[in-house]
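[1] Coordinates only, no sequence provided:
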């Protein structure tokens, strides 16, 4: 069993088991959660394939099972299912136990607009850095959607994401070379800002935030369509 697969198993096992908790009953949301995860994953995987083929990032075969799909390691495909599921579960769990944990409207709007402005600056001044440009655009669109849809998700997600960062720092830290020899996923630093938190490229934080936010927004819309 590869290191990457072990990390995914450890990340997904507990949220999956706790999905049947009597209070949370998260399994009842699967009909909205899994369609969202698969749709968002499809978009991110398409970009992942393209960027891998272009050498913007790549994978160390020493830490992989050797199985590939669409030129990506099988573990990388599973990443876009396991990690969003675990993150959405954690977000919803915090919301269940702390329903009042939200930013006030004025602070939420100020933070959303500030991040959009920052993303626009990153896009303008980093057209030559593919990863930075890509994730800044992805995050800007996600935040704009939250405003257009008049969603209140960001009011709580800005807070729950701080908690989500705890397992993120562990898992993504290992994937990018913390605590191990070499790295599971390597990055071409000429395609990003070259700024890292420990071994994690700064863009990865925005990558995770945007991916989860797209899922939460889509889940919200699917529930509305179902009259929930």
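    Great, that's in hand. Since the model is a prediction, treat every value here as computed from it, not as a measurement.

[2] Pull the residues that contact the lowest-mean-pLDDT helix or strand in the chain.
    The helix or strand of the chain with the poorest confidence is strand 68-69; it has a mean of 94 (mean pLDDT, DSSP states H and E). For strand 68-69, the surrounding residues in contact (Cβ atoms under 8 Å, 6 or more residues apart in numbering) are 74, 77. For glycine as for every other residue, the C-beta is placed from the backbone atoms N, C-alpha and C.

[3] And the contacts of the helix or strand that that strand is followed by?
    As assigned by DSSP states H and E, the chain's next helix or strand after strand 68-69 is strand 72-73. Applying Cβ under 8 Å, 6+ apart, the external contacts of strand 72-73 come out as 4, 45, 48-49, 52, 59, 64-65, 67.

[4] Quick one: buried ones out of the residues you listed?
    By the neighbour-count criterion of 16 or more other Cβ atoms under 10 Å, the contacts of strand 72-73 include these buried positions: 4, 45, 48-49, 52, 59, 64.

[5] In stretch 137-150, which residues are buried?
    Applying a neighbour-count criterion of 16+ other Cβ under 10 Å, one finds 138-143, 145-146 buried in stretch 137-150.

[6] And for residue 218, the neighbour number?
    By the measure other Cβ atoms under 10 Å, the count of residues near residue 218 is 18.

[7] Just confirm it is within a helix.
    Yes - assessed with DSSP: H, G, I helix; E, B strand; the rest coil, residue 218 lies in a helix.

[8] about what we covered before: with the buried ones among the contacts of strand 72-73 in mind, which one is nearest to residue 13?
    If you rank the buried ones among the contacts of strand 72-73 by distance to residue 13 using Cβ to Cβ, residue 4 comes first, at 15.0 Å.

[9] Can you name the helix or strand that the nearest residue to the closest one once chain neighbours are set aside falls in?
    Across the structure, with Cβ to Cβ, 6 or more residues apart in numbering as the measure, the residue nearest residue 4 apart from its sequence neighbours is residue 75 (3.9 Å). Assigned by DSSP H and E, residue 75 belongs to helix 74-97.
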